[in-house]
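**Q** Below is the sequence, then the predicted model.
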Amino acid sequence: MNKRTFIVLIAVLSCAILSVGGVLIGVTFYLQNNAAVAAFEPQPKTAPLQAPAASPLTKGSPAPDFQVVTMDGTLLNLSDFRGKPVVVNFWASWCGPCTAEMKTIEAVYQKHANDDVVILAVNQGESDDTIKGYGELWKLNFRLTRDPNQKAGQLYKALALPTTVFVDKDGKVYEYHIGGPMTQEFIEKRVDAMLAQ
């Protein structure tokens, strides 16, 4: 093989390699662009996620009892609040939708302070210092609690945050809601219905 043929062969191979590389890069950009566009396109509205039918968290079923720890070290059980409606909110400080609904939950708490409505904000996996600092930052007055080993979260299948469970005066699940942020009207409608029972 002479030098000229070798150079032509190298040039042809180089072009082929560049073409294949260009196609791969083009395909990658195309897929990324379609994924980005899909993320901003309106998604069809679906019904809110509910607990699976086999779950103990269906409407009207007894709400499983659990124990959490307040910021002063007091142990609280859900069953301590029998006779009062309870809003159990599973949350974490890093969760954007959780933070977006905290002031709303505070507003509901303030409005119903004399109605014996209990708000239990059950933090998932963070330290006392983080929880206390968060409460001070957002000026929250309802009960911020820690869930040791996330047992309550597991019991209530809080796989996504926020997850909120409305528990009626009889200790039964009124509604199980995944996602947020909840509006004040959304929370108050359920609280008012539980108070009216």
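**A** Received the coordinates, thanks.

**Q** Check the secondary structure at the residue nearest the centre of the chain for me.
**A** Among the residues of the chain, the one closest to the centroid is residue 161, at 1.5 Å (C-alpha atoms, centre = their mean). With DSSP: H, G, I helix; E, B strand; the rest coil as the basis, residue 161 sits in coil.

**Q** Spatially, what comes nearest to it if we skip its sequence neighbours?
**A** residue 95 (4.4 Å; C-beta to C-beta, 6 or more residues apart in numbering). Placement of C-beta: from N, CA and C, glycine included.

**Q** what separates residue 65 from residue 182, distance-wise?
**A** 24 Å (C-beta to C-beta, to the nearest Å).

**Q** brain fart, residue 144
**A** According to C-beta to C-beta, residue 144 and residue 182 sit 17 Å apart.

**Q** Looking at those two, which has the bigger crowd around it?
**A** Neighbours around residue 144 and residue 182, counted as other C-beta atoms under 10 Å, are more numerous at residue 144. The numbers are 24 against 21.

**Q** what's the helix or strand for that one?
**A** strand 143-146 (DSSP states H and E).

**Q** Would you tell me what the next helix or strand after that strand is?
**A** helix 151-155.

**Q** Quick one: mean pLDDT for the helix or strand just after that next one?
**A** Using DSSP H and E, the helix or strand that follows helix 151-155 in sequence is strand 163-167. Mean pLDDT, computed over strand 163-167, is 98.

**Q** now for strand 163-167, which elements pack on it?
**A** strand 86-91, strand 173-178, helix 184-196 (3 or more C-beta pairs under 8 Å, 6 or more residues apart in numbering; DSSP states H and E).

**Q** Name the strands paired with that strand and say parallel or antiparallel.
**A** Paired strands of strand 163-167, with direction, are strand 86-91 (antiparallel), strand 173-178 (antiparallel) (DSSP bridges).

**Q** Compile those strands into CSV and extend it with columns for mean pLDDT.
**A** Listed next are the strands paired with strand 163-167 as CSV, based on pLDDT from 0 to 100:
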stretch, mean pLDDT
strand 86-91, 98
strand 173-178, 96
